[in-house]
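[1] Okay, sequence plus prediction incoming.
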Amino acid sequence: MNPDNRAPNSQNLVDTAAAHGSFKTFGQAIDRAGMSDILRSVGPYTLFAPTDAAFEKLPASDLERLFKPENKQELTSLLNYHVVSGRRLVADIGQWENARTVNGQSAPIAVLDDTVSIDGARITAADIGSSNGVLHGIDKVNIPTQQ
């Protein structure tokens, strides 16, 4: 973990994710869901962003379906399952049993060998600071049980 990531930077969460380079598909999903303005607002938010490699694990047909305009509500629900209110570092998250996501569902938290996971997705890039929150890269796309 890079200690410099912990300090907020002047970029918001959307621009921080874009600058990081491994969240291109997540950025496209945010745009298609119409969530860019929200994640550029004051916040603060904690964003568990699936990496491009995480999206590649989904069947291509699932991603295509989610990106269709008629499935915007489902996509928004899925993305909101990756957002928690407040600025939460991995050290804080690792002490929780569950994280209450913006979509209203709780996602289980687990710690194994100093690795924190949320709903089975391992945090692979932690505590990436932004002006309106913190971003954590995760290795799988989490699917809420209700959408």
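    Received, thanks.
[2] got the residue ranges for the helices in this protein?
    Listed in chain order, the helices of the chain (DSSP state H) span 13-20, 24-33, 36-40, 52-56, 60-66, 72-80, 90-93.
[3] and residue 121, which of these is closest to it?
    Counting by C-beta to C-beta, residue 121 lies closest to helix 52-56 out of the helices of the chain; the figure is 7.2 Å. Placement of C-beta: from N, CA and C, glycine included.
[4] Could you point out which of the helices of the chain sits nearest residue 145?
    It's helix 72-80; of those, that one is closest to residue 145 (C-beta to C-beta) at 10.5 Å.
[5] got a list of what the closest residue to residue 100 other than its chain neighbours touches?
    Closest residue in space to residue 100, ignoring its immediate chain neighbours: residue 106 at 5.4 Å, by C-beta to C-beta, 6 or more residues apart in numbering. The contact partners of residue 106, by C-beta atoms under 8 Å, 6 or more residues apart in numbering, come to 98, 99, 100.
[6] Drop anything exposed from those residues.
    residue 99 (16 or more other C-beta atoms under 10 Å).
[7] nearest to residue 126, of the contacts of residue 106?
    Nearest member of the contacts of residue 106 to residue 126, counting by C-beta to C-beta, is residue 99, at 14.3 Å.
[8] Surely that closest one touches residue 109?
    Yes. Checked against C-beta atoms under 8 Å, the pair residue 99 and residue 109 is within contact range at 5.8 Å.
[9] List the residues that contact the closest residue to residue 80 other than its chain neighbours.
    Spatial nearest neighbour of residue 80, chain neighbours left out: residue 103 (3.6 Å); criterion: C-beta to C-beta, 6+ apart. Neighbouring residues of residue 103 by C-beta under 8 Å, 6+ apart: 77, 78, 80, 81, 83, 144.
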